[in-house]
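Colleague: Quick one, structure for this:
(4 chains)
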There are 2 protein chains.
Amino acid sequence: MAKCHNWFHPQLALLDIYQYLQQASEWYLPHVSVDITIIGFQEGTLKVLLLDSGEKWTLPGGYIGKEESMNDAAVRVLEDRTGLTGQYLKLFQVFGDKSRNFKEDIREMFRQQGFEWKEDLWINDRYISMAYYALVDLDQVHPTGGKMNQPHAWHDLNDLPPMWMDHAQIAQGALEQLKRDITIEQISFNLLPEEFTMPQLHRLHETILDKKLERSRFQKKMLALNLFERLPKLKEDVPHRKPYLYRIKDADDH
Amino acid sequence: MAKCHNWFHPQLALLDIYQYLQQASEWYLPHVSVDITIIGFQEGTLKVLLLDSGEKWTLPGGYIGKEESMNDAAVRVLEDRTGLTGQYLKLFQVFGDKSRNFKEDIREMFRQQGFEWKEDLWINDRYISMAYYALVDLDQVHPTGGKMNQPHAWHDLNDLPPMWMDHAQIAQGALEQLKRDITIEQISFNLLPEEFTMPQLHRLHETILDKKLERSRFQKKMLALNLFERLPKLKEDVPHRKPYLYRIKDADDH
DNA sequence: TCAAAAGTGTTAAATATACACCCATGT
DNA sequence: ACATGGGTGTATATTTAACACTTTTGA
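Modeller: Next up is the predicted model:
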């Protein structure tokens, strides 16, 4: 269920790996992968969930089953990594360059892990990546590392570590798409807890767009959308005047 | 070079067809196709270039070569059909449903054409469609029917004939994307001749968005963009006062 | 000379912007 | 009481919308 460059785990025996690759090439569509930029928001910065693959990091990804719809594959991969369903998830771009393969990276990884590398391995193929981004409430996520229990961590989306292939570019593309999207439709609340305050939403938008937004105007514009309903006040943990809590209005009926 | 359901031509001998299918499965990535909604504008209505495949019509399409970038494949298909390069061309959606195959349609077509149908034909597979739309100056296009010289025709985009599979849905999606796109970026002029008038552009936007746009405001907004430069007047063929001609300013340098 | 289409201007409404003011809370 | 952050109001600028007026042209 993991991606071409994420399928292994140190504990796996040699046999298991080649067995897994054999099975995968039977179950999945060849030459097509799904990569997800899972975005969270914590302590005033945007985070992205990455997997540790040795020297470099990768986006969580997977393949599309031969009997599986593309979107279902994306939902499956996201759930596998975060344990969450029903999250905001959107295909935002397709990376289809002919030279897009992980051959050299995989060879290096095999060398590091002491596996025998073969030219005709399924995962050496050229892949078209279906690039999704997902918005999650970071505090709700308990990353599992997927079925393979891979090492993983939240990284600053604006300060990415060395990443494989074009994965840094994909994550960057996700951020740019997110910037465009929140100026048109109201989706940003997916990054916040179910109950949130306007100052929180305000800081979130400033962080995503990376620019100052006038406080008064932002609040009025958001409330004028008539999408949120006000609840009693927020108490705990805030040092000064307690802001109102809001949540999305009638999320189910429309 | 043609699409799974468009690859044949009545003149082709039986041998040629199976030979072609054999070659195609060697040259192209499996399970992935490229379909293009080629949009033109004529006599106040939006047109789309369709191929005649017997009972139903299809969008022009093709496959991605194993050594070819996805976008290059789209450019190639578009040029094959229209003889044009450098047109506005954009991936707008991916259709990845698991049940997306042409099995029954192909069987019916084979029956009509008197070919022997086989269960394991390459073209019976499930396909993920990379859906592009292209904007062309209809008067510049001399549709060739592609390398296969298939029958083809311009159809009204708002009054589509019976089409294969989800091709009507794809064309509809292209139109909806175009509506969204022209409200944000100025791309509509790609549907007009190189030199055009503001009334032409005005009618074009009204047609695409399917609603009245106030004439005065539209003209001022367009000119305020500072994207067009005014030329001498349009003469011939117009019945009343002759409008100014415009063209895009500095199309090359920016 | 008149109707139709094109080009431009003028005013009112709606929105965006900037900033001011008051409220609640912890120190 | 005062500094900080939150909530709201008000004056101004900008943009959008509606419509009026003038010009050109063919019938």
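Colleague: Around residue A:61, how many other residues sit close by?
Modeller: 26 (other CB atoms under 10 Å in any protein chain shown). Bear in mind the C-beta positions are built from the backbone N, C-alpha and C, glycine included.
Colleague: Give me the pLDDT for it.
Modeller: As predicted, residue A:61 sits at a pLDDT of 94.
Colleague: my read: it touches residue A:78, true?
Modeller: No - using CB atoms under 8 Å, residue A:61 makes no contact with residue A:78, being 10.5 Å away.
Colleague: shared neighbours of these two, anything?
Modeller: Residues touching both residue A:61 and residue A:78 (CB atoms under 8 Å, 6 or more residues apart in numbering or on different chains) are residue A:36.
Colleague: Next, the residue nearest the centre of chain A: secondary structure please.
Modeller: Chain A has residue A:38 as the residue nearest its centroid, 1.5 Å off, counting by CA atoms, centre = their mean. Secondary structure, DSSP: H, G, I helix; E, B strand; the rest coil: residue A:38 is strand.
Colleague: does residue A:74 count as helix, strand or coil?
Modeller: In three-state terms, and counting by three-state DSSP, residue A:74 is helix.
Colleague: right, I mislabeled it, should have said residue A:116
Modeller: coil.
Colleague: Now the nearest residue to it once chain neighbours are set aside. Its backbone dihedrals?
Modeller: In space, and not counting its chain neighbours, residue A:116 is closest to residue A:110: 7.1 Å by CB to CB, 6 or more residues apart in numbering or on different chains. Residue A:110 adopts backbone torsions of phi -60, psi -40, taken as degrees, to the nearest 10.
Colleague: Please report how far residue A:110 lies from DNA strand D.
Modeller: 51 Å (CB to the nearest atom of the strand, to the nearest Å).
Colleague: Local confidence estimate at residue A:55?
Modeller: 81.
Colleague: burial of the nearest residue to it once chain neighbours are set aside, as a residue count?
Modeller: Nearest non-adjacent residue to residue A:55, counting by CB to CB, 6+ apart: residue A:162, 7.0 Å away. Around residue A:162 there are 9 other residues, counting by other CB under 10 Å.
Colleague: can you tell me which residues contact residue A:162?
Modeller: For residue A:162, the contact set (CB under 8 Å, 6+ apart) comprises A:55-57.
Colleague: how about the closest residue to chain B within the stretch 101-250 of chain A, what does it touch?
Modeller: Proximity of the stretch 101-250 of chain A to chain B (CB to the nearest CB) peaks at residue A:128, 6.2 Å away. Residue A:128 makes contacts with A:31-33, A:94-96, A:100, B:29, B:32, B:64, B:70, as judged by CB under 8 Å, 6+ apart.
Colleague: same question, residue A:27
Modeller: A:63, A:65-66.
Colleague: Now for the nearest residue to residue A:103 once chain neighbours are set aside: which residues touch it?
Modeller: Nearest residue to residue A:103 in three dimensions, chain neighbours excluded: residue A:124, at 4.8 Å (CB to CB, 6+ apart). Going by CB under 8 Å, 6+ apart, residue A:124 touches A:101-103, A:106.
Colleague: Make CSV out of the residues you listed and add pLDDT and secondary structure.
Modeller: Formatted as CSV, the contacts of residue A:124 follow (pLDDT from 0 to 100; DSSP: H, G, I helix; E, B strand; the rest coil):
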residue, pLDDT, secondary structure
A:101, 88, strand
A:102, 83, coil
A:103, 83, helix
A:106, 82, helix
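Colleague: By neighbour count, which of those residues wins?
Modeller: Most neighbours among the contacts of residue A:124, by other CB under 10 Å: residue A:102, with 21 neighbours.
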